[in-house]
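Give me coordinates for this.
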Amino acid sequence: MDKDIFCKIINGEVAGNKIVMEEDSWIAMNDIHPSAPVHVLIIPKRHIDGILATETSDVELMGTLLLAVKKVAEKMGLKENGFRLVINQGEYGGQVVQHLHIHLLGGKKLGVKIVHDQN
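Residues are numbered from 1 along each chain as shown. So this is what the prediction gives:
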């Protein structure tokens, strides 16, 4: 299997977008196609295809990623006004890179669009 772009960035094979923070098990970097003034990706360093590929043994890592969200949100000045988290899964969910990652979005009031099935 070819390495995905996040694995290549983590391994230092290619340069990533601006690194915001990094710890032993995760890295956070600005998204190259931001959807908000603040759009940071929080990525586990260990490759996991997506949220559906997690196992019970990943519970500690998943908790660490959520605590990483808190650290990055505080660093990016999102604590007071709030933010949104998104984890895309699969083609229909909008997952472009097959490596689990959390989108942290903020820096403006984010709208809510409710779509109702017309069937």
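
Report all helices and strands that the lengthiest helix in the chain contacts.
Assignment by DSSP state H gives helix 59-75 as the longest helix of the chain. When contacts are defined as 3 or more C-beta pairs under 8 Å, 6 or more residues apart in numbering; DSSP states H and E, helix 59-75 packs onto strand 19-23, strand 26-30, strand 38-44, strand 102-106. Bear in mind the C-beta positions are built from the backbone N, C-alpha and C, glycine included.

Turn those strands into a markdown table, including mean neighbour count, distance to Ile9 and mean pLDDT.
Output for those, formatted as a markdown table (neighbours: other C-beta atoms under 10 Å; distance: least, C-beta to C-beta, whole Å; pLDDT from 0 to 100):
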| stretch | mean neighbour count | distance to Ile9 | mean pLDDT |
| --- | --- | --- | --- |
| strand 19-23 | 14 | 9 | 96 |
| strand 26-30 | 20 | 7 | 97 |
| strand 38-44 | 23 | 8 | 98 |
| strand 102-106 | 21 | 16 | 98 |
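
need these in JSON lines with distance to Gly93, can you?
Shown next, in JSON lines, are those (distance: least, C-beta to C-beta, whole Å):
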{"stretch": "strand 19-23", "distance to Gly93": "24"}
{"stretch": "strand 26-30", "distance to Gly93": "21"}
{"stretch": "strand 38-44", "distance to Gly93": "15"}
{"stretch": "strand 102-106", "distance to Gly93": "12"}
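
how about the longest helix of the chain: buried residues?
Neighbour counts over helix 59-75 (16 or more other C-beta atoms under 10 Å) mark 61, 64-65, 68-69, 72-73 as buried.

out of the helices and strands packed on helix 59-75, which comes closest to Thr54?
strand 38-44 (9.7 Å; C-beta to C-beta).

what about the spatially closest residue to Leu78 that is not a sequence neighbour, distance to Gln98?
Once flanking residues are discounted, Leu78 sits nearest to Gly106: 4.1 Å by C-beta to C-beta, 6 or more residues apart in numbering. Noted for Gly106: a distance of 25 Å to Gln98, by C-beta to C-beta, to the nearest Å.
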